[in-house]
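Generate a structure from the sequence data that follows.
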Amino acid sequence: MAVRRKVGIAVDFSPCSREALRWASENLVKEGDHLILISVQPSSNYEQGAAQLWQATGSPLIPLMEFSDPSITKKYGVKPDAETLSILNTVSHQNGIEVMAKIYWGDAGLKICEAIADVPLNCLIMGSRGLTGLKRALLGSVSRYVVNHAVCPVAIVKDSHQSHR
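Down below sits the predicted model:
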């Protein structure tokens with residue numbers, strides 16, 4: 001019996017995270033894998049719904065069917081976009097991949113690294129916003145933090161639609 005890999009995708013429902021999801025679904029995940037979406041919400045969302053219950057450990061793993069239900073995702077303070085859900089449904093149905101989501105609250109870099117160990121993930125894919133120079137120095141880089149602190153392989157997917165800066 002083949003080992004079922006747990007492939008993580010860090011998502012914030014931005015164009016660059018959709019690009020990372022699309023890349024992983026076309027190039028990495030294969031039948032029998034588990035695709036685990038990792039979403040980190042700002043700490044300010046602690047007060048909303050189920051977030052208070054799960055702030056220390058992150059949410060339980062949420063199956064794709066429930067993650068597609070706005071009444072359920074609202075409890076966790078997330079709003080997955082239609083395009084992301086479409087990609088997930090396609091990869092799930094066409095490729096026989098089990099899709100789950102796990103929501104965290106707090107610092108994105110820290111929580112993504114925590115998720116890698118908690119789930120645990122075999123690898124992580126994430127998008128890069130492509131910040132350069134001063135913006136990166138002021139805002140920091142979640143992808144750089146994760147690459148330097150993760151306990152599994154990490155692939156960074158650049159948004160192919162970004163203009164060159």
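
How many residues are close by the nearest residue to Ser59 once chain neighbours are set aside?
Leaving aside its chain neighbours, Ser59 sits nearest to Ile103 (4.2 Å; criterion: CB to CB, 6 or more residues apart in numbering). Every C-beta, even on glycine, is put in place using the N, C-alpha and C of the backbone. Residues near Ile103, counting by other CB atoms under 10 Å, number 26.

Ile103 belongs to a strand, doesn't it?
Yes. The assignment for Ile103 is a strand, going by DSSP: H, G, I helix; E, B strand; the rest coil.

What distance do you get for it to Cys16?
Relative to Cys16, Ile103 is positioned 19 Å away (CB to CB, to the nearest Å).

Output the below-cut-off pLDDT ranges for this structure.
1-3, 44-53, 130-140, 161-165 (pLDDT under 70).

Walking through it, point out its strands one by one.
6-10, 34-41, 62-63, 98-105, 123-128, 154-158 (DSSP state E).

how about those strands in CSV, adding distance to Val146?
Listed next are those as CSV, based on distance: least, CB to CB, whole Å:
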stretch, distance to Val146
strand 6-10, 7
strand 34-41, 10
strand 62-63, 21
strand 98-105, 13
strand 123-128, 7
strand 154-158, 6
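
mind checking which of those is nearest Thr90?
Closest approach to Thr90 among those (CB to CB): strand 98-105, 10.3 Å.

now what about that closest one, what contacts it?
33-43, 45-46, 51, 54-55, 58-64, 67, 76-78, 88, 91-92, 111-112, 114-115, 118-119 (CB atoms under 8 Å, 6 or more residues apart in numbering).

Count the residues that sit near Asp12.
Neighbour tally, Asp12, other CB under 10 Å: 18.

now Tyr145
Tyr145, neighbours per other CB under 10 Å, totals 16.

Could you list the buried residues of stretch 92-112?
Within stretch 92-112, the residues that count as buried by 16 or more other CB atoms under 10 Å are 92, 95, 97, 99-109, 111-112.
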